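# Quick one, what's the 3D model for this:
(chains A and B)
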Amino acid sequence: MSTTQNQFHRDAERTTADVPRRAFLRKALRGYEVKRDETKATFTDWQKARNVAANIKYDGVNHLDRYLLEFEEKFTARGGKVFWASNSAQAREYILQLARDRGVRSIIKSKAMTSEEIHLNDALESEGYHVVESDLGEFIQQLKHEPPYHFVFPCMHLKRDEISALFEKELGSAPTDSPEELTMIARAFMRRQYIDADMGISGGNFLVAETGMVSITENEGNARLTTGLPRIHVALVGIEKVLPKLSDLALFLPMLATAGTGQHMTCYNSMFGGARQPGETDGPEEFHVVLLDNHRTRLLADAEQRDALGCIRCGACLNVCPIFKNIGGHAYGTTYQGPIGSVITPHFRGLQDWKHLSGASSLCGACTDACPVKIDIHHHLLHNRRNAVDQKPVWWEKIVWFGYVQTMTRPWFLRLANKLAPLAQKLHPLVLGGLFDPVRNWTKTRDFPEVAEESFHDWWAKRKEQSK
Amino acid sequence: MNGDRDKILARIREGLSVPAPLHHEMPARAGQSAQEPAFRAWLPAVGASQEEQMALFAKQSDLLRTEFVTCADVRAAAAHVAGLAAAHGWKKLAFHPGALTGALVPHLPTDLEQMRVEEGYDKLALEACDAGLTECEFLVAQTGSVCVTARSSGGRTLSVLPPHHLVIASRDQLVADLSSAYQGLNAKYGAALPSFISFISGPSRTGDIERILVLGAHGPKKLTVLVVG
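Down below sits the predicted model:
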């Protein structure tokens, strides 16, 4: 078993045992589900809208080279600078070099999962830059020195008293149990940060090829301040985020809001096309877009799972997932949690090290149903399982399957096994829970079901005999 | 210096040499994405008449906690703003001069200090203002959104930095949905779109703490839309 898999088992076991936290999460996630269903119901035809959205994403991803070049051409024509980064190190170095060249001291960030992916904050801080996350949830996680718990709701696992204690310790604020007061503490702290920052770093929800724009969706206004006040704006965006046309957003903005938080529209949906243009009042002097590959092309090369690149990171699949509800976000150990994270992480970070996430699924398909762009998520979990075994067969699984085939292809052997099973179960207590217990993972938390004394085969034969 | 541009493009092209299967039904006009009028058939319905659309905008504003006010003329709008200023004890209001804003501000009380942003501004001074008054491109009935741009609304930050955002619009700026707004922007600007376009749907908000809605996370705590005419 790999280290990541061991860690996953340990963490999942620990978080699953925390029943009050699970109840707290379930309630929040259920709330999002109810609200999403209400908003979905206002659509004239949600299913058709999903088809069209999937179709547009299919077009975008399957002509990615063409659309990225179109984006680059349009974006550059408006004075923007595009940098293509193959991996995390390249992306980090570009941003660091930019900060050095421009004499940057203070950096403000709005929510960007790509930045979590490449561990940008650590890199910037280790070179002495002052870096502040402006999104409330991300700010709380930054103060807690913890990665986001959910890629849309970073601190959904924390209760107000924990956040109050954190603010008291880190910011010296007075304790409070009001979410509003807590939000205002962060607001007051952040105001000065926006104004003092030389560089604003954002992510991007969509790259519009037609107009060379980066579209950012947010509720708080922090991304608008991050991209409006500092003199340099850097957007770090995955290459798969392209949409062919600006007007495609007329479909995607409402769908992202509905699937993600159950809103009709997220509070601010902003499209950025270049730095401040001639005749405009304000805005940054420079606008850089870092296009991040970081193994997205590896996922692209897998034609069967290519549709996973259409993901708009709404988080709907996490909110409905029975696994996420029980183990929570941190147990995954990945940047992208939940069903979609389990699908894409093996491509980003290695199949053998992350295949266990595809095993941690009930295959109920709730994720696939929830997905606004119709990614075949639960089948991709099966594809990952198959690919992992094809690539590196597991010796003990091979033995088990060999034994299964031997038994099932020989009726006399199966009958013998049926006869012996009750006897074997009588001996089970001798090894129960120990190293030699073959079902110890099961018996750790449950009783093993009792084996029938009589097989169906015997019962049927006896019944026929009696009815003669 | 543009990094691994060619390498990434080569990897993309190599990957795409194997076609992807379709996991979903392809609707009409496969492979094309410009379906502006078609989106309308699937998104939430919007009435055809201006009255219906105005009513929908009012309903959405209410849900979003936007204060929506219809005014007979600019003078009436100014009276509403003066009322807000008195009620909240405003000292300073920032604005950009436009046809509507320019017509409104002369009617404001003289003790309300005014700050203009179009020639550039001190960030701290703008932050200290109690309200920002802007125009907009469109009001979107379907979603209750206000479409602002760097060109029409005094830049990027006037509409987000002060704690109260006031929008003044004329009735004919109301459009049915987002598709109409994008079409309108294309018609007005062509290829020279402003560097910043935003759809604002209600005052700034967050639910990051226990899923409890709090207004005014980082942007305005209040949004007032004044429609004249």
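# State the pLDDT value of residue 183.
I went with chain A, as the question did not name one. On pLDDT, A:Thr183 comes in at 97.
# Switch to chain B, please.
If you check B:Gln183, the pLDDT there is 95.
# can you confirm B:Leu161 is in a helix?
No: counting by DSSP: H, G, I helix; E, B strand; the rest coil, B:Leu161 is not part of a helix but coil.
# so how far is chain A from it?
Taking CB to the nearest CB, to the nearest Å as the criterion, B:Leu161 is separated from chain A by 7 Å. From N, CA and C alone the C-beta is placed, and that goes for glycine too.
# And that residue, how far from A:Phe287?
Relative to A:Phe287, B:Leu161 is positioned 19 Å away (CB to CB, to the nearest Å).
# The two: which is more packed in?
Applying other CB atoms under 10 Å in any protein chain shown to B:Leu161 and A:Phe287 shows that B:Leu161 carries more neighbours, namely 28 against 25.
# Need phi/psi at that one.
phi -80, psi -50 (degrees, to the nearest 10).
# Now do the same contact list for it.
Going by CB atoms under 8 Å, 6 or more residues apart in numbering or on different chains, B:Leu161 touches A:Leu225, A:Gly228, A:Leu229, B:Lys123, B:Leu126, B:Glu127, B:Cys129, B:Gly132, B:Gly219.
# try it again with 10 Å
B:Leu161 makes contact with A:191, A:194-195, A:221, A:224-225, A:228-229, B:94, B:117, B:121, B:123, B:126-129, B:132, B:218-220 under the criterion CB atoms under 10 Å, 6 or more residues apart in numbering or on different chains.
# And chain A, what are its domain boundaries?
Per the record, chain A has its domains at A:43-294, A:400-467, by automatic domain parsing.
# between the ones you listed, which gets nearest to chain B?
For chain B, the closest of the domains of chain A is domain A:43-294, at 2.3 Å, according to CB to the nearest CB.
# mind checking the end-to-end distance for that closest one?
One end of domain A:43-294 sits 36 Å from the other (CA to CA, to the nearest Å).
# what's the next secondary structure element after the lowest-mean-pLDDT helix or strand in chain B?
Each helix and strand of chain B was given a mean pLDDT (mean pLDDT, DSSP states H and E); the minimum falls on helix B:36-39 at a mean of 63. Where DSSP states H and E defines the elements, the next helix or strand beyond helix B:36-39 is helix B:50-64.
# Could you pull up the mean pLDDT of that following helix?
Mean pLDDT, helix B:50-64: 97.
# Would you mind pulling up the elements that the helix or strand just after that helix packs against?
Using DSSP H and E, the helix or strand that follows helix B:50-64 towards the C-terminus is strand B:67-71. On a contact count with 3 or more CB pairs under 10 Å, 6 or more residues apart in numbering or on different chains; DSSP states H and E, strand B:67-71 meets helix B:50-64, helix B:74-88, strand B:164-170, strand B:222-228.
# Recalculate using a threshold of 7 Å.
Helices and strands touching strand B:67-71, by 3 or more CB pairs under 7 Å, 6 or more residues apart in numbering or on different chains; DSSP states H and E, are helix B:74-88, strand B:222-228.
# list the contacts for A:Gly433?
Shown in contact with A:Gly433 (CB atoms under 7 Å, 6 or more residues apart in numbering or on different chains): A:Arg440, A:Thr443.
# Which SSE is immediately downstream of the strand or helix carrying A:Asp390?
Assigned by DSSP H and E, A:Asp390 falls within helix A:377-391. From helix A:377-391 onward toward the C-terminus, using DSSP H and E, the following helix or strand is helix A:395-408.
# tilt between that following helix and helix A:377-391?
Between helix A:395-408 and helix A:377-391, the angle comes out at 100 degrees (axes from the mean of the first three to the mean of the last three CA atoms, to 10 degrees).
# any idea which helix or strand comes after helix A:395-408?
By DSSP H and E, the next helix or strand past helix A:395-408 is helix A:411-431.
# hmm, who's touching that next one?
A:Gln406, A:Thr407, A:Met408, A:Asp437, A:Phe448, A:Val451, A:Glu453, A:Ser455, A:His457.
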